[in-house]
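Visitor: got a predicted structure here, sequence first:
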Amino acid sequence: MIVTETKLKGCFIIEPKVFNDSRGYFLESFNQNTFEKKTGVSVNFVQDNESLSTKGVLRGLHYQKGDFAQAKLVRAVKGMVLDIVVDLRTDSPTYGEHVSVELSEENKKQLFVPRGFAHGFIVLSETALFSYKCDNFYNKASEGGIIYNDKNLNIDWKLNADDFIISEKDLQLPTLQMAKL
Ligand SMILES: Cc1cn([C@H]2C[C@H](O)[C@@H](COP(=O)(O)OP(=O)(O)O[C@H]3O[C@H](C)C(=O)[C@H](O)[C@H]3O)O2)c(=O)[nH]c1=O
């Protein structure tokens with residue numbers, strides 16, 4: 001497993017060891033011991049999520065507030081997404097900054113998103129099966145979000161905006177400046 005910390009402290013790109021053979025491949029998609037040893041982060045995931053999306057679907061930028069904040073370990077099992085995380089930690093030197101990482105079935109990269117971040121992705125392949133672990137349960141009342149095209153975030157979503165597929169809910173999200181964190 002190769003672990004690389006991004007410019008956002010506590011946010012790691014993880015490349016699992018892949019065992020290829022004539023049958024296909026095997027990898028450990030999560031191992032608590034290895035994860036904690038390599039990242040120095042102790043985490044207890046309690047909920048796994050999965051979503052299937054077509055090209056241009058943009059989900060996010062989402063977070064849960066307060067006691068229901070979630071750390072996530074995200075990956076694209078099939079297809080390719082551009083994954084975006086935004087640092088919402090108001091005491092962080094990188095507050096308001098983001099990293100974007102291509103996650104795909106080819107590169108098998110994962111991204112560990114600590115609590116205190118907004119998360120979203122856009123699908124770059126025809127379809128993408130997205131799977132992720134959360135260290136806190138879903139709590140609808142604690143949901144928050146930031147509009148994908150917040151000018152102050154200046155996120156390059158790569159595709160032509162005419163091709164974006166975004167839920168009505170996400171189109172109503174506030175800018176970071178207006179969001180209640
Ligand atoms: C997140 C979630 C949703 N739901 C229900 C609520 C809705 O009836 C339905 C679809 O939810 P939503 O449109 O919020 O799904 P996404 O847009 O994929 O939301 C996710 O998108 C970005 C990428 C994230 O990082 C978050 O985990 C999550 O907010 O699933 C649940 O029952 N449990 C859950 O944990």
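Guide: That came through fine. Because the structure is a prediction, the values reported are computed rather than measured.
Visitor: how far out from the middle of the chain is the helix or strand harbouring Lys38?
Guide: Per DSSP states H and E, Lys38 falls inside helix 32-39. Here helix 32-39 shows a centroid-to-chain-centroid distance of 19 Å under the convention Cα atoms, centre = their mean, to the nearest Å.
Visitor: with stretch 117-132 instead?
Guide: The mean C-alpha position of stretch 117-132 is separated from the chain mean by 8 Å, Cα atoms, centre = their mean.
Visitor: now the farthest one out in this structure, which residue is it?
Guide: Ser22 (31.9 Å; Cα atoms, centre = their mean).
Visitor: kindly report the residues of the protein close to the ligand.
Guide: When proximity is defined by Cβ under 6 Å from any ligand atom, the chain lies next to the ligand at Asn49, Ser51, Arg59, Gly60, His62, His119, Gly120, Phe121, Tyr138, Ser167. C-betas here are computed from N, CA, C, even on glycine.
Visitor: which pair in those residues spans the largest distance?
Guide: Spanning the widest gap among those are Phe121 and Tyr138, at 17.6 Å by Cβ to Cβ.
Visitor: looking at the two, which one has more neighbours?
Guide: Under the neighbour definition other Cβ atoms under 10 Å, Phe121 and Tyr138 were set side by side, and Phe121 has more, 29 against 12.
Visitor: quickly list what that one is bridged to.
Guide: Arg59, Asp83 (DSSP bridges).
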